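Asks: I'd like to go over a predicted model; first the sequence, then the structure.
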Amino acid sequence: METKFARIALAAWVIFVLAFLFVPIILIFVYAFNASNIQSWPIPGLSLRWFVSAWGNQEIRTALGLSLKAGVLATSIAVFLGSSAAFAVHRFDFFGKETVSFMVVLPIALPGIITGMALNSFFVFWGLGLSFWTIVIGHATFCIVIVYNNVIARLRRVPRSLEEASMDLGADAWQTFRRITLPMISTSLVAGALLAFALSFDEVIVTTFTAGAQNTLPLWIFGAIRLGQRLPEVNVVVLFVMSLTFLPVLLAYKLTNQAGPMVK
């Protein structure tokens, strides 16, 4: 049995880990409202001046628009290819099936810098100039994994007997997919898309190797911190990025917690 000391030690350790993770985020949130351009503690007062300044910065707005467009396109590609791969691996038996499954999930297991360098070498080898579309391709490579894992996990929980019953009652393959399969996996598709977008929106390493002259929001943050300029605006932008990535993750978490049908 657990002793009282063990429970207290475990609780203290959990509190320490949570503080280690979230105190820096809370500090960024506070500094975003700092009235001064000097990051000192305690802050001299609260102000919205840096929000106005950040929104008035054309460079930030351009980077934001580029990040949103790249995220949406990469997510769309990932949903189509990731779900198609999940259906193929789950429904069909073919030579090299496990190898295909491994290759699909490999990009998420590799460090981002390795993926970025590999993509950059590929583009250079084929003479493809770095552009907006190379960013989209780079982001789609790891976003596919998120969608694939979500969809195939749900497909494994869907009883095949429901689809078989639908076809026994006269429905063709498309009708069965639209009326039976798609509603059952819809939450996993949406959750995968939300997680993929969140991952794409704040990805900086792969973007660095595939962007060329393009400047996404994470790259702007990285450059501003490296040069030590506009740190108050950086806090505002980081707060916005965290909020925009937190919401999809939260929604995806709620969707994945909705119990799907279990195979009996």
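Replies: Received the coordinates, thanks. Numbers count the residues shown, from 1 in each chain.
Asks: Where do the helices of the stretch 151-264 of the chain begin and end?
Replies: Remark: helices assigned in the stretch 151-264 of the chain by DSSP state H, counting those that start in this stretch are 160-168, 173-176, 182-201, 205-210, 217-227, 231-256.
Asks: wait, which of those is closest to Ala118?
Replies: Each of those has some distance to Ala118 by CB to CB; the shortest is helix 205-210, at 8.7 Å. From N, CA and C alone the C-beta is placed, and that goes for glycine too.
Asks: residues in contact with Ala32?
Replies: Ala32 makes contact with Trp50, Phe51, Pro232, Asn235, Val236, Val238, Leu239, according to CB atoms under 8 Å, 6 or more residues apart in numbering.
Asks: and the gap between it and Ser186?
Replies: 36 Å (CB to CB, to the nearest Å).
Asks: In the chain, what helix or strand scores lowest on average pLDDT?
Replies: Across the helices and strands of the chain, mean confidence by mean pLDDT, DSSP states H and E is lowest for helix 205-210: a mean of 71.
Asks: What are the contacting residues of that one?
Replies: By CB under 8 Å, 6+ apart, helix 205-210 touches 111-113, 115-117, 119-120, 123, 130, 134-135, 137-139, 141-142, 216, 218-219, 222.
Asks: ok, back up a step: the helices of the stretch 151-264 of the chain: which one's closest to Ser67?
Replies: helix 217-227 (4.3 Å).
Asks: Report the angle between the closest one and helix 231-256.
Replies: Taking axes from the mean of the first three to the mean of the last three CA atoms, to 10 degrees, one finds helix 217-227 and helix 231-256 inclined to each other by 140 degrees.
Asks: Which positions in helix 217-227 come out as buried?
Replies: Leu217, Pro218, Leu219, Trp220, Ile221, Phe222, Ala224 (16 or more other CB atoms under 10 Å).
Asks: now the angle from that helix to helix 182-201?
Replies: Going by the same axes, to 10 degrees, helix 217-227 makes 20 degrees with helix 182-201.
Asks: so what does helix 217-227 touch, helix or strand wise?
Replies: When contacts are defined as 3 or more CB pairs under 8 Å, 6 or more residues apart in numbering; DSSP states H and E, helix 217-227 sits against helix 58-91, helix 205-210, helix 231-256.
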